[in-house]
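1. sequence plus the predicted model coming up.
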Amino acid sequence: MQALVLDKDTQRLDQSLIALMKAGIHVTGTSSIRVAETCITRMCVDLLVFEKSTVGDALGDTLGMAEDRNPHLVSILRTLDVEGDQDDLTPYFPSLHCILGLNVPSCVAVKFALASLRAQMTVSIFQSEARPAKRKRALASQTPLIAHVPMPRAAFAEAV
């Protein structure tokens with residue numbers, strides 16, 4: 001699991017990095033939007049924690065690119081205007097699981113991030129298990145019979 005933390009406040013960035021590392025997550029941290037975009041294009045990012053003023057006008061492009069490259073991305077936004085950003089951003093960015101104020105301690109932000117990651121992984125596991133299970137059941141009953149029947153599957157299904 002890989003996390004990317006983008007924050008220009010070095011103390012908050014360090015606290016977030018330490019909390020994520022203690023949780024056993026591989027993490028990259030930066031205060032540069034260029035470094036963050038390079039990380040997003042070059043590696044799989046499961047968790048993106050970013051501070052809005054650090055991203056600035058590139059928020060839509062950066063978050064959109066991260067979502068395109070990483071379909072199971074979980075994003076946590078830190079901002080001054082929690083209520084306004086909630087209304088403005090959540091309809092457009094499905095990865096945005098949580099919007100927190102800047103005064104929320106990093107350890108709390110990381111707990112929200114880990115909870116969102118666990119929920120996302122659970123959903124992914126159930127979705128991936130549901131699809132193959134249906135195929136296995138459908139093929140399991142037919143496979144031994146198909147091996148011994150010389151006619152095509154469609155003709156065999158109509159004959160039975």
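-> Received it, and whenever you're ready, just let me know what you need. Residues are numbered from 1 along each chain as shown.

2. drop to CA atoms for contacts and neighbour counts, all remaining ones
-> Noted.

3. now for the helix or strand V27 falls within, which elements pack on it?
-> Take DSSP states H and E as the rule and V27 turns out to sit in strand 26-30. Counting contacts by 3 or more C-alpha pairs under 8 Å, 6 or more residues apart in numbering; DSSP states H and E, strand 26-30 packs against strand 2-6, helix 10-22.

4. quick one: contacts for Q15?
-> The neighbourhood of Q15, defined by C-alpha atoms under 8 Å, 6 or more residues apart in numbering, consists of 106-107.

5. which intervals of the protein have sub-threshold pLDDT?
-> Residues of the chain meeting the criterion pLDDT under 70: 121-160.

6. in it, which spans are helices?
-> Along the chain, the segments classed as helices by DSSP state H run 10-22, 33-42, 52-55, 59-69, 82-89, 106-148, 153-159.

7. for the fifth one, list every residue counted as buried.
-> I take that to be helix 82-89. Within helix 82-89, the residues scored as buried using 16 or more other C-alpha atoms under 10 Å are 82, 85.

8. do the third one as well
-> Within helix 52-55, the residues that qualify as buried by neighbour count (16+ other C-alpha under 10 Å) are 52, 54-55.

9. now swap in the second one and tell me
-> Of the residues in helix 33-42, those buried by neighbour count under the rule 16+ other C-alpha under 10 Å are 33, 36, 39-40.

10. mind listing what the nearest residue to L13 once chain neighbours are set aside touches?
-> Nearest non-adjacent residue to L13, counting by C-alpha to C-alpha, 6 or more residues apart in numbering: D7, 5.6 Å away. D7 is in contact with 13, 29-31, 50-51, 54, counting by C-alpha under 8 Å, 6+ apart.

11. how about D7, phi and psi?
-> D7 adopts backbone torsions of phi -160, psi 130, taken as degrees, to the nearest 10.

12. show me which of the contacts of D7 is closest to D85.
-> E51 (11.9 Å; C-alpha to C-alpha).
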